[in-house]
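A.B. asks: Next one to model:
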Amino acid sequence: MSLPIGTNVRQPKFENASEIFKRVKEELRNRPPGIAFSFGIPSLDAATQGIPKGKVSILAARTTEGKTSLALQMAVTMGLAGKTVAFVSLEDDRDSLITRIYCQQTRTNIDALVPGKVLDDLPILERIKLLVLDNYGFNFSELETIMQTLDPAPDIIFLDYVQMAEQWKTESEYEAVSRFVRQAKLFAEKHAIGMVLMSQINRQGARDGRPALHHLASCGRLEQVSNLILLMFAPYYYGTPSFDYSQEQRTGLCPCPEDYVEVEIAKNKTGRRSI
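C.D. replies: Residues are numbered from 1 along each chain as shown. Okay, the predicted model is just below:
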């Protein structure tokens, strides 16, 4: 029987449960304390133990609701923790991404960056290994080149965003994203790195209220292959009150300010789903 070109011939590999358990105990005993890839948000870290190594995580939101900004904040936090971080943007150029980081760190409104304005230095960028790449990484041949070229290789890769992945002429967007996320799972396992894919919310999700897993744009495969899925929602723009915000304010259910964003743990295979 002939196999399709590029097909790997898999072989069954059984292992006694007791041997697996011995390995699990040893790995846990030797695991360094702390969280490998911390979000820098204590409640989120406590619920998730950070971004899982060797797995795929998803950060999803509607357009303009802050997923790139939150991902950049996470990338800086991990860089400050000594990790080598690669931020691969398939949408924004690298200059605009660093401008966003500057505004985050200095609490500057981006509207204030008028022509002729002199920016202060940002020493934090000299202290971290944050590598920003644009217009590259649309397929896993390019991502493999990133791993082989960078020295040291990145500990974690952020990719913004998955619906921009390369699409073959013979496939739909659904098929292209499905293929990409399957490869992402294998890629993260192979290199034992953290991998965070940003995702859009589909058209139905753009009309509905808070997003849910079935609102992930283009592909249900995102839900299947990921270990951790975070869904972002900005209640202010929909005139929706937030239970979380009211709990923080202890004033009952009430409207949220413009800069308030919910982050829901929609899937977490290795921990809690509530903060």
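A.B. asks: Return the residues in contact with the nearest residue to Lys67 once chain neighbours are set aside.
C.D. replies: Once flanking residues are discounted, Lys67 sits nearest to Ala61: 4.1 Å by Cβ to Cβ, 6 or more residues apart in numbering. Backbone N, C-alpha and C define where each C-beta goes, glycine included. Ala61 is in contact with 67, 200-201, 211, 231-233, counting by Cβ atoms under 8 Å, 6 or more residues apart in numbering.
A.B. asks: what about Asp120, distance to Thr84?
C.D. replies: Separation of Asp120 from Thr84 (Cβ to Cβ, to the nearest Å) stands at 26 Å.
A.B. asks: thinking again about what came up before, and the residue nearest to Lys67, how far is that from Leu131?
C.D. replies: 24 Å.
A.B. asks: beta partners for the residue most central in space within the chain?
C.D. replies: Of all residues in the chain, the one closest to the mean position by Cα atoms, centre = their mean is Val196, 3.0 Å from it. For Val196, the beta-bridge partners under DSSP bridges are Ser57, Phe158.
A.B. asks: Does it touch Asp155 like I think?
C.D. replies: No - Val196 lies out of contact with Asp155 (Cβ atoms under 8 Å); the separation is 11.8 Å.
A.B. asks: Mutual contacts of these two, please.
C.D. replies: Residues touching both Val196 and Asp155 (Cβ under 8 Å, 6+ apart): none.
A.B. asks: Let's test this: mean pLDDT of the host helix or strand of Ala176, rounded?
C.D. replies: According to DSSP states H and E, Ala176 maps onto helix 173-191. Regarding helix 173-191, the rounded mean pLDDT is 87.
A.B. asks: contacting residues around it?
C.D. replies: 54-56, 139-140, 143-144, 147, 153, 159, 162-163, 165-168, 171, 194-195, 197, 218-219, 221-222, 225-226.
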